[in-house]
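Chemist: Kindly generate the corresponding structure for this input.
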Amino acid sequence: MGAITYDMEIPSSISAEKMFKAFVLDGDTIIPKALPHAITGVQTLEGDGGVGTIKSTTFGEGSVHKSVKHRIDGLDKENFTYSYSIIEGGALDVFESISYHIKIVATPDGGCICKNRSIYTPKCDAQVSEEEIKAGKERASGIFKKVEAYLLANPDC
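Modeler: The predicted model follows:
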């Protein structure tokens with residue numbers, strides 16, 4: 001089975017600049033606040049927050065996985081793009097590699113669209129169902145929407 005790629009676009013009423021700052025630049029503190037039961041913390045293990053930085057995300061009780069480590073592969077603050085790869089934990093028992101590419105694009109109404117490309121490369125003997133892919137899409141969309149709701153409830157962030 002080859003790489004599984006899916007693209008997703010999620011609209012928001014939040015400006016692209018504010019969403020990028022909350023979701024990417026301040027995500028280590030905002031995302032656990034927006035999803036306190038799902039993500040209990042994000043810690044920088046190595047690096048300064050730029051390309052090459054290694055971070056660990058710890059998930060809440062009831063999660064399938066306890067934690068995951070990821071490496072920042074790309075970060076462009078002017079064009080609101082961010083890429084990272086899972087390097088340890090999570091679903092790497094089934095996948096050879098997992099990478100995410102995010103671009104937040106401003107819309108004419110002052111909001112934004114989060115464009116997310118996820119690339120999963122299964123291990124040669126792994127079988128991945130459409131249901132599992134759909135569940136991954138829903139989780140990614142849910143995180144973005146929870147951050148949006150947090151920003152709407154806390155406009156001074």
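
Chemist: What is the burial count for residue 90?
Modeler: 20 (other Cβ atoms under 10 Å). Every C-beta, even on glycine, is put in place using the N, C-alpha and C of the backbone.

Chemist: Repeat that for residue 49.
Modeler: For residue 49, using other Cβ under 10 Å, the count is 13.

Chemist: quick one: it is in a helix?
Modeler: No: assessed with DSSP: H, G, I helix; E, B strand; the rest coil, residue 49 is coil; it does not lie in a helix.

Chemist: Need phi/psi at it.
Modeler: As for residue 49, its main-chain torsions (degrees, to the nearest 10) stand at phi 100, psi -10.

Chemist: Can you give me the distance of it to residue 80?
Modeler: 16 Å (Cβ to Cβ, to the nearest Å).

Chemist: And for residue 43?
Modeler: For residue 43, the distance to residue 80 - Cβ to Cβ - is 24 Å.

Chemist: How far away from the center of its chain is the helix-or-strand element of the chain with minimal mean pLDDT?
Modeler: The weakest-scoring helix or strand in the chain, judged by mean pLDDT, DSSP states H and E, is helix 130-153 (a mean of 86). Centroid separation for helix 130-153 versus its chain: 9 Å, with Cα atoms, centre = their mean, to the nearest Å.

Chemist: can you pull the contacts of the closest residue to residue 34 other than its chain neighbours?
Modeler: Computed as Cβ to Cβ, 6 or more residues apart in numbering, the closest residue to residue 34 that is not its neighbour in sequence is residue 150, at 3.8 Å. Neighbouring residues of residue 150 by Cβ atoms under 8 Å, 6 or more residues apart in numbering: 22, 30, 33-34, 157.

Chemist: how about the residue most central in space within the chain, what does it touch?
Modeler: Centroid check for the chain by Cα atoms, centre = their mean gives residue 140 as the closest residue, at 6.4 Å. Listed by Cβ under 8 Å, 6+ apart, the contact set of residue 140 reads 8, 100, 116, 118.
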